[in-house]
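Chemist: sequence below, structure please.
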Amino acid sequence: MTMTYERSEVGGESDGNNLIRALNAADRRRIEDLLEPWEGRAGSILYEPGDIVSYAYFPREKALASFRVMLADGRAAETGLIGREGAIGGIVSEGHLPAFARAIVLFPGPFYRIALKDLARLKRTSHSLNNLFARYSDCLLAQIFQATACNATHSIEQRTAKWALAAIDRTGDHEISLTQEQLAGLLGVGRSYVSRIIQRLKADNIVKTRRGKLFISDGEALARISCDCNQLVRRHFAEVLRGVYPNGDA
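Modeler: Residues are numbered from 1 along each chain as shown. The predicted model follows:
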């Protein structure tokens, strides 16, 4: 398991992660003293299935991480996309915690991390901090529930549009650094299916492609193609953790 990082100073306002920013001022000061800045590169593995999770990671700014369930035939299917609205690893758990899924950096950028032993101590001493992270866990579970239903009932075209819009929400960037083959892998479908969909979207002037990149030129048209799964997840976040889900601004 490898992770590439560079150290920098932790900002006083925990810039770039909405979940940390949602803490009250006292809790934010407590956790900031224990956060370590990390710089994740695309493809860096945070942990593999069975690894003991020792740190929680908080994506910042345009960084994105992905949960992948590893299948017996070697394929991997994405079950969760985590950006500046959330965290990866052991937010509500205590003690010995093996990872069930692969956690991987999808889009590079800055992260914070905190040792789980330190986070456990903070949760024992602050009910409000423990409560906020428990509510985030509920939101993450809702996101995974919705993804399961989406994969079972919605078309590949709808899911492609949904995934692109979710990435835009979390990064504020209409250019996505991802190949069609990578996107097909995330959706758990063959590359030919995604290629045909991208070609149709290009013909309708909704997206443009460059080498290894997908540019969304008409987000409103893409939203009309997408299912409503992103909106349902956003609505649950707004009810449980208002202000944490990104609004597409950087």
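Chemist: longest helix anywhere in this protein?
Modeler: helix 127-153 (DSSP state H).
Chemist: okay, strands next: where are they in the protein?
Modeler: Under the criterion DSSP state E, the chain contains strands at 36-40, 45-47, 55-59, 64-70, 76-82, 102-107, 109-115, 175-176, 207-210, 213-216.
Chemist: what's the most buried one of the ones you listed?
Modeler: Comparing the strands of the chain by mean neighbour count (mean count of other Cβ atoms under 10 Å), strand 55-59 comes out on top with a mean of 25. For glycine as for every other residue, the C-beta is placed from the backbone atoms N, C-alpha and C.
Chemist: which elements pack onto it?
Modeler: Packing contacts for strand 55-59, counted by 3 or more Cβ pairs under 8 Å, 6 or more residues apart in numbering; DSSP states H and E, involve strand 36-40, strand 109-115, helix 116-125.
Chemist: swap the cut-off to 10 Å and go again
Modeler: Secondary-structure packing of strand 55-59 (3 or more Cβ pairs under 10 Å, 6 or more residues apart in numbering; DSSP states H and E): helix 18-21, strand 36-40, strand 45-47, strand 64-70, strand 76-82, strand 102-107, strand 109-115, helix 116-125.
Chemist: contacting residues around Asp27?
Modeler: Applying Cβ atoms under 10 Å, 6 or more residues apart in numbering to Asp27 gives the contacts 20, 122, 125-133.
Chemist: how much space between the most centrally placed residue in the chain and Val244?
Modeler: With distances taken as Cα atoms, centre = their mean, Ile82 lies nearest the centre of the chain, 1.1 Å away. Distance, Ile82 to Val244, by Cβ to Cβ, to the nearest Å: 12 Å.
Chemist: overlap of the contact sets of those two?
Modeler: With contacts taken as Cβ under 10 Å, 6+ apart, Ile82 and Val244 have Leu19 as neighbours in common.
Chemist: residues in contact with the closest residue to Glu61 other than its chain neighbours?
Modeler: Distance criterion Cβ to Cβ, 6 or more residues apart in numbering; nearest residue to Glu61, sequence neighbours excluded, is Gly16 at 4.3 Å. Residues counted as contacts of Gly16 (Cβ under 10 Å, 6+ apart) are 37, 58-63, 84, 109-112, 250.
Chemist: okay if I get those residues as CSV plus distance to Asp228 and pLDDT?
Modeler: Shown next, in CSV, are the contacts of Gly16 (distance: Cβ to Cβ, whole Å; pLDDT from 0 to 100):
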residue, distance to Asp228, pLDDT
Pro37, 36, 95
Phe58, 28, 97
Pro59, 25, 97
Arg60, 28, 96
Glu61, 27, 93
Lys62, 25, 93
Ala63, 26, 96
Arg84, 23, 95
Gly109, 28, 95
Pro110, 32, 97
Phe111, 30, 97
Tyr112, 32, 97
Ala250, 25, 42
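Chemist: ramachandran coordinates for Asp228?
Modeler: For Asp228, the backbone dihedrals (degrees, to the nearest 10) come out as phi -100, psi 20.
Chemist: just to revisit the earlier point, how close does the residue nearest to the centre of the chain sit to Thr209?
Modeler: Noted for Ile82: a distance of 25 Å to Thr209, by Cβ to Cβ.
Chemist: check contacts around the closest residue to Ser195 other than its chain neighbours.
Modeler: Once flanking residues are discounted, Ser195 sits nearest to Gln180: 5.4 Å by Cβ to Cβ, 6+ apart. By Cβ under 10 Å, 6+ apart, the residues touching Gln180 are 160, 191-195, 197-199, 209, 212, 214.
Chemist: at 6 Å what do you get?
Modeler: By Cβ atoms under 6 Å, 6 or more residues apart in numbering, the residues touching Gln180 are 191, 194-195, 198.
Chemist: having no further points to raise, I will conclude here.
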